[in-house]
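A.B. asks: Take this sequence and fold it.
(one chain, ligands or ions: 2)
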Amino acid sequence: MNALLLAGGLGTRLRPLTENLPKPMALVANRPWLEHLIVHLKKQGIRHFVIAVKHYPEVIENYFGTGEKWGVNIQYAVEQTLLGTAGAIKNAEPYLDDRFIVINADIVHEIEIEPLLAFHKRHGGGVTIGLTEVDDPTHYGVVEQDGEGRILRFVEKPRLEEAPSNRINAGIYVMDKEMLRYIPEQQEVSIERETFPLLIEKGEGVYGTVISGYWMDMGTKERYRRIHWDLLNRAYRLPLPGRQNGKGIWIGKNCDIHSGVLLIPPVLIGDNVKIGERSIIGPFSVIGNDCVIGKHVRCAETIMWDRCLAHNGVVMNNCIFGYDLEIGSKHILHEAVMSRIGVLQA
Ligand code: GDD
Ligand code: MG
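C.D. replies: Ligands and ions are numbered 1, 2, ... in the order given. Below is the predicted model:
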């Protein structure tokens with residue numbers, strides 16, 4: 001059984017970070033989320049991956065190649081035009097096993113595959129959808145189920161008064177390949193708006209089961225930040241890189257942090273980071289690898305990707321900076337989200 005990772009969306013709500021980057025390549029704790037995802041799924045026994053790519057496909061292909069470095073095998077299903085979530089699955093058909101897993105690659109989670117698969121085998125239908133419960137279901141696909149877990153209705157992004165429950169599509173499916181006969185080739189098709197309702201109507205057996213563990217869609221800036229705060233306060237227990245230097249302070253290899261620097265936990269600092277005297281970093285800050293921070297810098301609730309340079313006296317509050325940004329001295333930045341044109345380095 002292989003896994004298809006849907007990674008071709010435009011990531012519009014995470015712009016400008018995704019201006020020239022596929023959303024699942026956004027860093028989570030200083031590593032592309034897609035890499036965490038592949039490592040996590042490998043631990044669950046999955047060795048064969050297909051990645052459905054469209055927006056900046058070369059960024060993903062150059063980074064992962066054949067997957068050898070991670071001990072897995074990766075193939076790429078490239079779309080020439082945006083095919084939507086079902087169109088992307090159909091496009092990947094030649095690479096898929098008779099039963100396969102589909103994952104929205106922008107979901108940050110710790111899903112266990114085995115219980116989903118066991119449930120799928122038990123009910124015998126064509127599709128199993130992993131579900132989670134949220135307070136506000138209006139941004140997601142919402143389901144109505146019977147007592148056995150069969151999905152009677154699937155409504156994508158309904159208005160609150162139309163949402164049949166607060167159980168939503170967690171963006172992970174087990175599917176039998178025969179189901180793909182319902183998806184036309186080389187057309188834009190949405191699995192949520194078209195294919196799931198059609199499969200339900202045809203009685204193909206679409207079931208859902210609630211998954212456990214951390215779950216968050218990284219698709220908006222608010223949720224992207226939230227994932228990091230959850231990581232830092234350990235509500236989400238993905239192992240953090242670096243060594244813990246006091247409670248809630250993680251520091252990578254080869255850092256040069258002046259003794260007059262104040263680190264306010266929780267903070268995560270990558271490898272080869274330099275921080276000048278009298279700077280205050282934290283709380284809730286993530287500093288990427290190879291960043292250089294000058295003297296008298298104030299950085300709170302901020303996520304900085306690799307190779308950024310913050311000159312002396314900069315103040316950063318609640319910001320997200322993409323790769324290779326340079327912030328001129330004495331700038332005061334509040335809630336800034338910035339990126340620059342550049343290429344991800346493997
Ligand atoms: N290859 C490819 N081609 N991938 C795509 C395409 C496409 O045309 N369109 C979207 N994707 C990928 C995105 O990159 C993302 O990883 C995933 O499919 C889901 O797309 P989003 O744009 O993030 O959708 P969403 O978050 O609004 O809603 C989806 O996820 C929710 C869970 O977070 C839906 O599946 C909802 O039903 C679900 O609840
Ligand atoms: Mg999403």
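A.B. asks: For the rest of this, base every contact and every neighbour count on C-alpha atoms.
C.D. replies: Will do.
A.B. asks: list the contacts for whichever residue of the stretch 151-300 of the chain sits closest to ligand 1?
C.D. replies: Ranked by Cα to the nearest ligand atom, the top residue of the stretch 151-300 of the chain for proximity to ligand 1 is N169, at 4.0 Å. Residues near N169 by Cα atoms under 8 Å, 6 or more residues apart in numbering: 129-132, 140-143.
A.B. asks: Generate JSON lines for those, with distance to ligand 1 as supplementary columns.
C.D. replies: JSON lines is the format used below for the contacts of N169 (distance: Cα to the nearest ligand atom, whole Å):
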{"residue": "I129", "distance to ligand 1": "10"}
{"residue": "G130", "distance to ligand 1": "10"}
{"residue": "L131", "distance to ligand 1": "8"}
{"residue": "T132", "distance to ligand 1": "9"}
{"residue": "Y140", "distance to ligand 1": "4"}
{"residue": "G141", "distance to ligand 1": "3"}
{"residue": "V142", "distance to ligand 1": "7"}
{"residue": "V143", "distance to ligand 1": "9"}
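A.B. asks: At the geometric centre of the protein, which residue do we find?
C.D. replies: The C-alpha lying nearest the average C-alpha coordinate of the chain belongs to D106 (Cα atoms, centre = their mean; 3.2 Å).
A.B. asks: Now do the contacts for A52.
C.D. replies: A52 makes contacts with 4-8, 76-79, 88-89, 92, as judged by Cα under 8 Å, 6+ apart.
A.B. asks: E188 too?
C.D. replies: Residues in contact with E188 (Cα under 8 Å, 6+ apart) are 82-84, 86-87.
A.B. asks: Skip ahead from the lowest-mean-pLDDT helix or strand in the chain and say which helix or strand is next.
C.D. replies: Lowest by mean pLDDT, DSSP states H and E among the helices and strands of the chain is strand 243-244, with a mean of 88. Remark: after strand 243-244, the chain's next helix or strand is strand 249-251, criterion DSSP states H and E.
A.B. asks: for that next one, packing partners?
C.D. replies: Using 3 or more Cα pairs under 8 Å, 6 or more residues apart in numbering; DSSP states H and E as the contact test, the elements touching strand 249-251 are strand 243-244, strand 267-269.
A.B. asks: Distance from the chain centre to the following helix or strand past that strand, please.
C.D. replies: Using DSSP H and E, the helix or strand that follows strand 249-251 in sequence is strand 256-257. With Cα atoms, centre = their mean, to the nearest Å as the basis, strand 256-257 stands 30 Å off its chain's centre.
A.B. asks: what lines up beside strand 256-257 in the sheet?
C.D. replies: Using DSSP bridges, strand 256-257 pairs in its sheet with strand 274-275 (parallel).
A.B. asks: what mean pLDDT does the strand it pairs with have?
C.D. replies: For strand 274-275, mean pLDDT rounds to 98.
A.B. asks: Mind checking what helix or strand follows it in sequence?
C.D. replies: Using DSSP H and E, the helix or strand that follows strand 274-275 towards the C-terminus is strand 280-281.
A.B. asks: could you say what helices and strands the helix or strand containing T132 packs with?
C.D. replies: Using DSSP H and E, T132 sits in strand 127-133. Counting contacts by 3+ Cα pairs under 8 Å, 6+ apart, strand 127-133 packs against helix 113-123, strand 167-176, strand 206-210.
A.B. asks: try 6 Å
C.D. replies: Judged by 3 or more Cα pairs under 6 Å, 6 or more residues apart in numbering; DSSP states H and E, strand 127-133 is in contact with strand 167-176, strand 206-210.
A.B. asks: would you list these in JSON lines and tack on distance to L116 and mean pLDDT?
C.D. replies: What follows is those, written out as JSON lines (distance: least, Cα to Cα, whole Å; pLDDT from 0 to 100):
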{"stretch": "strand 167-176", "distance to L116": "7", "mean pLDDT": "98"}
{"stretch": "strand 206-210", "distance to L116": "7", "mean pLDDT": "97"}
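A.B. asks: TSV for those, including distance to G288?
C.D. replies: Formatted as TSV, the helices and strands packed on strand 127-133 follow (distance: least, Cα to Cα, whole Å):
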stretch	distance to G288
strand 167-176	28
strand 206-210	34
